[in-house]
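Enquirer: Sequence first, then the predicted structure, then my questions.
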Amino acid sequence: MKIREWFKIKEIRTQIKKIHWLEKDKLVKNSGIVIGFTFLMGLFFYASDGIIVIIFKMLGLS
């Protein structure tokens, strides 16, 4: 396939039809996992920051 053909609407539609899209249930499950993991990592960094602040206060560095 030539590069020039990639910029034609017909070719773009042909390529989009070749994409394997996830089913709705898998998409919802994967999105939930990502959101949950992001939330847990946020809690981890929030707690880590709090612990570091406490340590600095105990050392008299703040």
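Expert: Yes, it's here.

Enquirer: Going by neighbour count, list what's buried in the host helix or strand of residue 14.
Expert: In the assignment (DSSP states H and E), residue 14 maps to helix 9-17. The neighbour-count check on helix 9-17 (16 or more other Cβ atoms under 10 Å) flags nothing as buried. Heads up, the C-betas are built off the backbone N, CA and C, glycines and all.

Enquirer: what's the following helix or strand after it?
Expert: helix 24-59.

Enquirer: Please state the offset of that next one from the chain centre?
Expert: Mean-position distance between helix 24-59 and its chain equals 13 Å (Cα atoms, centre = their mean, to the nearest Å).

Enquirer: helices or strands next to that helix in the packing?
Expert: Where contact means 3 or more Cβ pairs under 8 Å, 6 or more residues apart in numbering; DSSP states H and E, helix 24-59 is not packed against any helix or strand.
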